[in-house]
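Colleague: the following comprises the amino acid sequence and a computationally predicted model.
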Amino acid sequence: MVQALDRLVAMRAGAALASLGILAGCQCFWPHTVNGQSEPDPVAETETAPACPAVTSAKAWVNRMPTIGSEPTKMIVMLRVDSKESWFLTPLDMPAATGLTLDLKPGGAGVPGSVGYRQMAAAPLPARIRILCRGSEVATIKDVMLVQ
């Protein structure tokens, strides 16, 4: 009986170690994210990066819908772009008086044609959101909607 129990414990410990090894190995290949956004692709920062896409739609809203628990209020920015590549948005460190400025960069884990960005909703809301791509303004959002 004791030998059977020892064998069962050894098998479960082996399975747990194998699972841990597999998960640890996946971490090497899993993209690193910061603030819900993927890090830029180092290849995307070179001269072979795709040209800035045309922005066909740009919207921003604050989600204040009631939820279970005390989930913080988030501001969401969504873009539709004319591109078959994946793109992502990162905030630029600019003075708050100019509103929020986001940089559109190639890469990331997004769906081609859609670009999203989320952050904690600031108070007061930004008067405008500027979207830059390689230093040039490609879109401006002047209306941040409140969804309640």
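Modeller: Cool, the structure landed.

Colleague: just the helices in the protein please.
Modeller: Using DSSP state H, the helices of the chain run over 2-29.

Colleague: okay, now Arg80: neighbour count?
Modeller: 15 (other CB atoms under 10 Å). C-beta: built from backbone N, CA, C; applies to glycine.

Colleague: what sits against the closest residue to it other than its chain neighbours?
Modeller: The spatially closest residue to Arg80, leaving aside those adjacent along the chain, is Ser57, at 3.9 Å (CB to CB, 6 or more residues apart in numbering). Shown in contact with Ser57 (CB atoms under 8 Å, 6 or more residues apart in numbering): Met78, Leu79, Arg80.

Colleague: what's the burial count for the first one?
Modeller: Counted with other CB under 10 Å, residues neighbouring Met78 total 16.

Colleague: could you check the pLDDT of it?
Modeller: As predicted, Met78 sits at a pLDDT of 96.

Colleague: pretty sure it contacts Val55?
Modeller: No: assessed by CB atoms under 8 Å, Met78 is found out of contact with Val55, at 10.8 Å.

Colleague: one step back: so of the contacts of Ser57, which ones are in strands?
Modeller: Met78, Leu79, Arg80 (DSSP state E).

Colleague: now render those residues as a markdown table, adding distance to Ala123.
Modeller: Listed next are the ones in strands among the contacts of Ser57 as a markdown table, based on distance: CB to CB, whole Å:
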| residue | distance to Ala123 |
| --- | --- |
| Met78 | 21 |
| Leu79 | 24 |
| Arg80 | 28 |
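
Colleague: how does this protein divide into domains?
Modeller: Per automatic domain parsing, the domain ranges recorded for the chain read 2-30, 40-147.

Colleague: mean neighbour count, those domains: which tops it?
Modeller: Neighbour counts (mean count of other CB atoms under 10 Å) averaged over each of those peak at domain 40-147, with a mean of 15.

Colleague: and it, how far from the chain's centre?
Modeller: The chain centre lies 9 Å from the centre of domain 40-147; the measure is CA atoms, centre = their mean, to the nearest Å.

Colleague: begin at 11 from now on, thanks
Modeller: Let's use 11 as the start, then, which means that last one is domain 50-157.

Colleague: just for this structure, where's the confidence low?
Modeller: Low-confidence segments of the chain, defined by pLDDT under 70: 12, 15, 24-58, 80, 106.

Colleague: quick one, strands of this structure?
Modeller: 43-44, 47-48, 64-73, 84-92, 97-101, 110-116, 124-130, 139-143, 146-151, 154-157.
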